[in-house]
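Q: show me how the following folds:
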Amino acid sequence: MSDSGVNYTESTDLAEGCLTADTATCTTSGVTENLEIYLKTTLSDESHLTQMKAVKMCKQIEAELLNCQDVDAITAGMKHLSSALMVIRSMNNNPRNSSFPVKKRPAPNANCEKQFRFKSTKRKTEHVRKTLSKPNLDEMKECVEKLDEIEVDVCGLCLHPDDKTGNAVVNWVECLLCGTWYHELCVKTDSLDDFICDVCQKD
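A: Numbers count the residues shown, from 1 in each chain. Take a look at the predicted model:
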């Protein structure tokens, strides 16, 4: 029993009984009478409404339902009120200051070996990226000059430095027009003094 002399479970059962009633058979006056009884017995007893937000919400719904004449709207509003009261009832049964059982962690095993921590290689990769950064113009010019100093003689036909004979001495012949060097064995010509390559002859 509450302070106002109204049994909370009886008022809740009354609301639930009205919710389960057939809407088509309920008249507007019958639903309104049940609603007024439900609101007077349940919502007036604010000792069950422990949360201020729930009290405000229920009072707003109460004011709207008392001025409403639509049976469907009243039924839907009572459903919302019933769900709100169920939440409040669960809050009353399980207050927040109650202590929940806390599971104790098992004690660490003394025989267990300590695992080594993972060592990150992020700094190493960042260092490698910095060393492989794009060269500036001065460095590129220096590289080009060094490459120009290196002379590698390759044949204009076979693109190899030697003539595949394995001899230490390789005989070369130069084109009179373009200046490209060829192996004598690759060109296979008799006139080595006035040699003109096939590319220049086509032009």
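Q: residues touching Asp194, list them.
A: Leu176 (C-beta atoms under 8 Å, 6 or more residues apart in numbering). Quick note: C-beta positions are derived from backbone N, CA and C, even for glycine.
Q: pLDDT score assigned to Cys200?
A: With respect to pLDDT, Cys200 scores 87.
Q: that one and Cys175 touch, don't they?
A: Yes - Cys200 is in contact with Cys175 according to C-beta atoms under 8 Å; the separation is 6.0 Å.
Q: so for those two, which sits in the more crowded spot?
A: Using other C-beta atoms under 10 Å, the more surrounded residue of Cys200 and Cys175 is Cys175, with 18 against 13.
Q: would you mind measuring from Ile175 to Met140?
A: Let me fix one detail, which is that residue 175 is Cys and not Ile. Cys175 is 32 Å from Met140, where distance means C-beta to C-beta, to the nearest Å.
Q: next: Asp203.
A: Distance of Asp203 to Met140, given as C-beta to C-beta: 33 Å.
Q: more neighbours: which of the two?
A: Met140 (11 against 8).
Q: tell me which element that one falls in.
A: Secondary structure from DSSP states H and E places Met140 in helix 137-149.
Q: what pairs with the helix or strand just after that helix, parallel or antiparallel?
A: Heading C-terminal from helix 137-149, the first helix or strand you meet, by DSSP H and E, is strand 172-174. Next to strand 172-174 in the sheet, as set by DSSP bridges, lie strand 181-183 (antiparallel).
Q: give me the domain ranges for the chain.
A: Split into domains by automatic domain parsing, the chain comes to 8-93, 149-203.
Q: mean pLDDT for the ones you listed: which is lowest?
A: Of all the domains of the chain, domain 8-93 has the smallest average pLDDT, which comes to a mean of 60.
Q: how much space separates Thr75 from Leu81?
A: 11 Å.
Q: with neighbour numbers in mind, choose between these two.
A: Comparing Thr75 with Leu81 by other C-beta under 10 Å, the one with more neighbours is Leu81, at 22 against 17.
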